[in-house]
Every structure is written in C-alpha cells, then in structure tokens.
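K.L.:
just a sequence and a predicted model for now, questions to come.
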Amino acid sequence: MARTRTSLTHWGAFSATVESGDIASVRPWSGDADPSPALGNLPGSVRHRSRVTAPAVRRGWLENGPGPDTLRGADEFVAVTWDDLVELLGGELRRVIDTHGNEAIYGGSYGWSSAGRFHHAQSQVHRFLNCLGGYTYSRHSYSLGATGVIMPRVVGTHDDLFTRSTQWQVIVENTDTMVCFGGLALKNTAVNDGGTTAHPARDALNRLRARGGRIVSFSPLRDDVDGPCDWHAPVPGTDVAIMLALAHVLATESLADREFLASHCTGYDRFERYLLGADDGIPKSPQWASSLCGLSADDLTALARRMAAGRTLVTVSWSLQRTRHGEQAPWMGLTLAAMLGQIGLPGGGFGHGYGSMNEAGLAPIRCGLPRLPLGVNPVTTFIPVAAVSDMLLQPGEPFDYNGLRLTYPDIRLVYWAGGNPFHHHQNLPRLRRALSRPDTVVVHDPYWTAMAKHADIVVPSTTFAERDDLSGSRNDPMLMAMPRLTETYAQARDDYDTYAALAGHLGVREAFTEGRSSRQWLRHIYETWSRTLDFDVPAFDGFWAAGALRLPTDDGLTLLADFRADPSAHPLATPSGRIEIFSADIDSFGYDDCRGHPAWFEPTEWLGGPRAADYPLHLVANQPAGRLHGQLDAGAASQATKVAGREPIRMHPADARARDLSGGDVVRVFNDRGACLAGVVLDDRVRPQVVQLSTGAWFDPADPADPNSMCVHGNPNVLTDDVGTSKLAHGCTGAHVLVQIEKYAGTPPPVRAHQPPVFTPR
C-alpha cells in the first residue's frame, strides 16, 4: 500500500510517497520556497539496478588472497554470505593490524554519504576503526583543501567564514555592490552537508537588486549568477591578478583605509611593496592585469573606485581555490576587503562560499547537534585528503604540508565507506594505478559505483530510505527526524550492524555498540544532546512523533563585527591577533609556491601558458545542477541533463563552428592525461575558448582493464592533473584543465556506468 512520510536529504526536506518497496514520488517540504530539482532523483533509487544486493568479493582476491593486483576494476565478483564476509573481512583486518600495525589502514571514506547524524558513513567507520586501535586519516576536504589551511593562518578561522558569515538579510539591507569572484551559482546553494530545509539565496539576491544593490560577477560562465549582474568574463585562472589590480587602484589613488590596515591588520607594508612593484619592478596595475585576464584596464579602475565609494562585499567562491596556488584567491580577496576597510561593517567586508553551498548567509543555530561519539584515534599519521594517490604510490616518501615535513605511510588496507573518489579525485588513470597497490580495498556502498567496482570486498549498505535517523545542520534551524521510508532491499545492511558483527568477530563488540541497537543509539545521542541545552526540547518520543524541532538561531550577524569593534577584546586566533596580510610563519617555510603574502603565480593550466598551444580550450569542471556531486547519477533529474546518454559539455558556438560541431554531437575531450566522451550543448553564456563539463558522471572506462582507457560517460577527472595547490595545503586542483575537443568518429560505445559488474559462481 502507498504511504507518505517526510524525510531529509543534503538538498532538501521532502514528503515521499512509497509504493512496492521504493520511493514512487516526492514533494518538496512546504517550508521551502526554492526547492532543489535534485529531489527528482529519489524516485526509483531504492531498487535501482545499480544497487549492491549482496556481499561480494573480487574473484582474484578470493582465490589468491590479499596483495597488489592490477585487475581491480576489471575483475569478476563472487557473491558470498554475510557470515563469509564477516570472517573474510575480520580476518584481513586482524592480519593487517598484527603484521603491519594500524597505521597501515587508511580510513579515507571521504564523501557526503547520508545527511543523517547517526548513520553517517564516515562517523561509523571511524568509530569502528578506533575501536580496533586507529587508522591513518585524512585532513580537510576536496571542496576546501586550500582554504582549510590558509584561512586559519591569516584570519584565525576556517569554519566561522561559513557558519558566522554575514547573513543574507544584512546584505539585502546594506550592501551596495557585491563583487563575486567565481560568481555566485545558485545551483550550488541547493545543498548542505547536514541537510537543508530552506533555500533563501535566490530571494535574497532579488531583494538586493530591488533595493538598488548591484552584483558584479567575475566568471567565464554567465550563469554563475542567476539574473541581472555586471558580467566580466576573464581568462580563467586570473582572478588573483584582477584582485591585485583593484588593490593597486585603491593604494595609488588614496582609496585604501590605512587606519583599518594599521589597527586590524599586520604586514600590509610588506604586501604593498609587492603590489607597487618596489622590488620586482612590476606594478600590479590594471594595465598589467589586463594583459593577463583580457579585461579592460579602464573597467577595472572604474570598479575599484565604485567599490571604495559605497558599501562593498567581496566574495570568493570555493571553486577558485581548487586550482594550482589555490591559497592565493581567498587570501587576496580578504586582503582586498581589508584595504576597503569595511570588514565587520553590515553589508561590507569579505565572504567565502556564497554560491558554493547553502550555508554562507544563513543564521547559525545557537547550540551543537546530536552526534555519535567516535572515540580516540591513537594513530597520528595523516595525509591531506587530495594526496591519496601520492600516498599509495609513494610509501615512505617525504612531503611538505603546512610547515611540516611528513612521510607517506605504507598502506596495506584501504577502508572506504560513504564516498566515491572517482568523483572527487584528479587524474583517474593515476588513481586506478594507485588502487592496485594495497593488499586489500574494502568499500561499503549501496550502489555499484566505480569505487565499489575497484574494491576487493564490497559491503552492501542501506540507503537513508531504509533506516531511521535524525539530522540537522549548523546553519539550518530544523532538527529533522528521518524515519525509515521502506523495507531494506535485498541483502543490504545498515553499516552499524555490519560493524557490530565485525566488532564481535574481533572481540570489541561491547566497545563499539556499548550494548545499544541503532534505535537505542538514536535515543541516546538525542537525550545526551538535550542535557547540554539551555532551552527546553521535547523528549525523544515527542520529537520523533512531531518529525521536526525548530532550534534557536543567531540572527543579524556580520562577519567579524566583534573584532572590528574591539580587536583587543576580540582578537583573531592568529599569531598577531589581527588579519595577517603578511604571515611571518608562512614566509619562514620558504616555499617557492606560496609566499608570505598573497601573490600572482602563473597557473600551469591556463590559456596564457605553453600548454594552450596543444590544448586550446580551458575546461571548467564545476558542480552539476541535476545532482549532488555524483550521488544518484542514474536518477531522472540527472539523466534529463544528459546528451546522447553522456554528460553535457557546454561550449561557445564559435568554438563549436571552428571544430565543425553541432549541438547534440558526441565529442572526444582529451589531453595528454586521458580522454572522455561528452555531448555538445551550444551556449553563448560560456566565454569563448572555455568549455564547461560538470563533475559527477559515474566513471565508465571503455576498457576496464586499461588504466588509461577513455571514459565513455564524461567524467572530467580523467583529464585533470593530480598535483596539490602548493606545499602549504596540498589541496585539490581539479577545477581547471586545458583540453582539445573533436567529433567522435563512429558509433559511441554504450554507457554501462550504472550496471553491476560481472559475477561468477564461487
């Protein structure tokens, strides 16, 4: 019988009609004025053909035992019983720990997985591995690898830039000019990692315009701002040069707020010498920047004057730090805002992440959230999250990170749950070679993603629709119950139950479960949380029956208002207590790719460099509009965006004509690292010489046995370079890459990305 229940995903709350064990239809939550179209991927997702229906072991691993193997990703699988899986996986964990130590386990598990607070895949696997003695872990994220290192050093915080950002209502009421480097893409504001119940950004921008505020967008994509704006389409990768040019005008025309720079910042004098060219003889003027970015020097000069004449908010998207020298864009954006002297004033100052996720601009809740305790990881070995291929390919090799000299561990077992690095990671041919090196790769997943197909042991996990949970976000006022929508499909199990069985096999069941079932844990974490609050909330049963609980929020925030009002009473967590335009610590590291102040570094992948002679199109690998990363790529909303069954690649009509291409053509996108197929969409909202191919199409090699094989589905990470942002952060650089495009000759290979692998009898 059909029934309707309310639940929550990363991209919105909804009511679902459930029939025959699957989601039949969804309706956005009534409180959401601008719901995400990605909700359309939910119907049919529980029983989709890509589900992992039973425990599975790769045939080569089962027959030959653990060890490096180049057949990962191409081998057949064998279905096993749950008892077999627990014995095989438990035995392998014990072997690795006893023989090589816990440092030899990489508990990467990077990904968004479920929005639930208890059945959160990373939390579950990390708690389990901590009960076994720990694991090598990763720091930061693919989204914010550079920001996570540079911003704590220069402004003393990372999270506060998002959780306590200047709120939309303050911007609507006070901002005259919003200057958006990297645009302000509303498609990205559909999501929040802990779930989201409202999407206010579109309405806020419309109200800002209605009040007379102006939006200035620097992006090669016109639709990186939805609605009217002043669009500047620079050569991609030159945003820092543009910011320097604007700063040069402020400095040379006495428009910089030198009182604020002296009272709230440190090191501006060192930066200004660089800005004016005192040491290198190159003033970073609008004329200098124009030769790099392709924009008018007069337009840049006029904009700088306008920014100084009114209340201006300088924003930098997350995308700009996902490239070589990615630390420079947010650092320089903050420096430009400091020169304007409006940091801490309502509607002015700096913002990072508006248009990158549904968090910046929203009011934070005044309390924490229920959480599963993870225990303590006694292993201190870690890597920057985007260095996973380096770690697997270069065990024992030293590397630089944030002032430290570290060594890559010798990983024997990769334990991955709740994510798919074939979406996030760069240079997939290199990643495939890296995954052939460990003894064992374990993956928990509801679906046969590319990562699951490259595993030795595949654990069939439930989806959020098959279990009870609760969820909330630090910038969303609703704590939501997530009741189970339908029965468990096939032989899938909650990760918690899998780890409980493994913990029992390995003698740590009591430490892991503390004697509780999943439902008892939900009650426990809610009740533990409720005792920390200074306001009343209903008991767990009352909350569960109501389905949602509104939490108090801090409204009307302006980023760093307290610091501006009294920097002595509210110092920043930096060595100086102030904004570090020049960082003596970073300068002391002596890195050749990150100086002590923000600076222009020529990109390796840009139209002004030598690689452009062979690969004359700049590909922007941004986030998709029809799904979250690669999640539910097989869903209806995602599939509706495909062209000839492949990921669409947008290009300017002039670039298509030069290659004799038409809309709907299947093309080969390639460079010296790899190739993929995509479907052409002609769009003059894309800057000439720029193409746009979103991430998230499930990797689908034409020949699974060949690491260099072309992806027939359109995953841009076969093209991107696996190199860190700099020695400082070693962040992800997968947003920009140079390519060439040609029409695909012949009949394109079929797309098999969402099909299970071949199984063979045991």
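P.N.:
Great, that's in hand.
K.L.:
now do residue 1, the pLDDT please.
P.N.:
Note on residue 1: pLDDT of 63.
K.L.:
where exactly do the helices run in the stretch 201-350 of the chain?
P.N.:
Remark: helices assigned in the stretch 201-350 of the chain by DSSP state H, counting those that start in this stretch are 201-210, 239-252, 258-264, 268-276, 286-293, 297-309, 328-340.
K.L.:
just these: most buried one?
P.N.:
Ranked by mean neighbour count, the helices of the stretch 201-350 of the chain are led by helix 328-340 with a mean of 28 (mean count of other CB atoms under 10 Å). (Glycine included, C-beta is placed from N, CA and C.)
K.L.:
could you dump the helices of the stretch 201-350 of the chain into CSV and include mean pLDDT and distance to residue 665?
P.N.:
Output for the helices of the stretch 201-350 of the chain, formatted as CSV (pLDDT from 0 to 100; distance: least, CB to CB, whole Å):
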stretch, mean pLDDT, distance to residue 665
helix 201-210, 98, 33
helix 239-252, 99, 32
helix 258-264, 98, 53
helix 268-276, 98, 46
helix 286-293, 98, 31
helix 297-309, 98, 35
helix 328-340, 98, 34
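K.L.:
so which of the ones you listed gets nearest residue 74?
P.N.:
Residue 74 lies closest to helix 328-340 among these, at 39.4 Å (CB to CB).
K.L.:
which strands or helices does that closest one pack on?
P.N.:
Here helix 328-340 touches helix 147-155, helix 239-252, helix 258-264, helix 268-276, strand 312-316, strand 349-352, going by 3 or more CB pairs under 8 Å, 6 or more residues apart in numbering; DSSP states H and E.
K.L.:
now that helix: how far from the chain's centre is it?
P.N.:
A distance of 22 Å separates the centroid of the chain from that of helix 328-340, by CA atoms, centre = their mean, to the nearest Å.
K.L.:
convert that helix to PDB, retaining C-alpha atoms only.
P.N.:
Backbone C-alpha positions of helix 328-340 (Å, rounded to 0.1, in the frame of the first residue of the first chain) are rendered in PDB as follows:
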ATOM      1  CA  GLN A 328      46.000  32.900  -3.100                       C
ATOM      2  CA  ALA A 329      42.400  33.700  -4.200                       C
ATOM      3  CA  PRO A 330      40.800  33.700  -0.700                       C
ATOM      4  CA  TRP A 331      43.800  35.300   0.800                       C
ATOM      5  CA  MET A 332      43.900  38.100  -1.800                       C
ATOM      6  CA  GLY A 333      40.100  38.500  -1.600                       C
ATOM      7  CA  LEU A 334      40.400  39.000   2.200                       C
ATOM      8  CA  THR A 335      43.300  41.500   1.600                       C
ATOM      9  CA  LEU A 336      41.200  43.500  -0.900                       C
ATOM     10  CA  ALA A 337      38.300  43.700   1.600                       C
ATOM     11  CA  ALA A 338      40.700  44.800   4.300                       C
ATOM     12  CA  MET A 339      42.000  47.600   2.100                       C
ATOM     13  CA  LEU A 340      38.500  48.800   1.600                       C
END
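K.L.:
just to revisit the earlier point, mind putting the helices and strands packed on helix 328-340 into TSV with distance to residue 68?
P.N.:
As requested, the helices and strands packed on helix 328-340 are exported to TSV (distance: least, CB to CB, whole Å):
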stretch	distance to residue 68
helix 147-155	32
helix 239-252	41
helix 258-264	54
helix 268-276	48
strand 312-316	42
strand 349-352	41
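K.L.:
so which of those gets nearest residue 761?
P.N.:
When the helices and strands packed on helix 328-340 are compared by CB to CB, helix 147-155 sits nearest residue 761, at 47.5 Å.
K.L.:
number of residues surrounding residue 754?
P.N.:
By other CB atoms under 10 Å, 17 other residues sit near residue 754.
K.L.:
which element is residue 6 on?
P.N.:
Element membership for residue 6, per DSSP states H and E: strand 3-9.
K.L.:
ok, residues contacting the helix or strand just after that strand?
P.N.:
Next along the chain after strand 3-9, taking DSSP H and E as the criterion, comes strand 12-19. With CB atoms under 8 Å, 6 or more residues apart in numbering as the contact definition, strand 12-19 has outside contacts at 1-8, 23-29, 31-32, 35-36, 38-39, 42, 190, 195-197, 199, 465, 478, 480, 485-486.
K.L.:
let's see it at 7 Å
P.N.:
Outside strand 12-19, the residues that touch it by CB atoms under 7 Å, 6 or more residues apart in numbering are 2-7, 23-29, 32, 35-36, 39, 42, 196-197, 480, 485-486.
K.L.:
would you map the helices across the stretch 501-650 of the chain?
P.N.:
509-513, 518-530, 540-546, 561-565, 584-589, 636-639.
K.L.:
tell me how far the fifth one is from the chain's mean position?
P.N.:
Distance of helix 584-589 from the chain centroid (CA atoms, centre = their mean) equals 28 Å.
K.L.:
same check, this time on the first one
P.N.:
On the basis of CA atoms, centre = their mean, the separation between the geometric centre of helix 509-513 and that of its chain is 32 Å.
K.L.:
what helices or strands is that helix leaning on?
P.N.:
The helices and strands touching helix 509-513, judged by 3 or more CB pairs under 7 Å, 6 or more residues apart in numbering; DSSP states H and E, are helix 121-131, helix 495-505.
K.L.:
how about those, which one is nearest residue 706?
P.N.:
With CB to CB as the measure, helix 121-131 is the member of the helices and strands packed on helix 509-513 nearest residue 706 (30.3 Å).
K.L.:
list the ones among the contacts of strand 12-19 that fall in strands.
P.N.:
3-7, 23-28, 480 (DSSP state E).
K.L.:
lowest-confidence member of those residues, which is it?
P.N.:
Among the ones in strands among the contacts of strand 12-19, residue 3 has the weakest pLDDT, 79.
K.L.:
name the nearest residue to that residue, ignoring sequence neighbours.
P.N.:
Excluding the flanking residues, the one nearest residue 3 by CB to CB, 6 or more residues apart in numbering is residue 18, at 5.6 Å.
K.L.:
so what sits opposite the one you found in the bridge?
P.N.:
With DSSP bridges as the criterion, residue 18 is bridged to residue 3, residue 23.
K.L.:
that one: neighbouring residues, count only.
P.N.:
If you count neighbours by other CB under 10 Å, residue 18 ends up with 21.
K.L.:
which helices and strands does the strand holding residue 6 pack with?
P.N.:
By 3+ CB pairs under 7 Å, 6+ apart, strand 3-9 packs against strand 12-19, strand 478-482.
K.L.:
turn these into a markdown table, columns for distance to residue 760.
P.N.:
Listed next are the helices and strands packed on strand 3-9 as a markdown table, based on distance: least, CB to CB, whole Å:
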| stretch | distance to residue 760 |
| --- | --- |
| strand 12-19 | 34 |
| strand 478-482 | 37 |
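K.L.:
ok, which of those strands comes nearest residue 655?
P.N.:
For those, proximity to residue 655 was assessed by CB to CB; strand 12-19 is nearest, at 35.4 Å.
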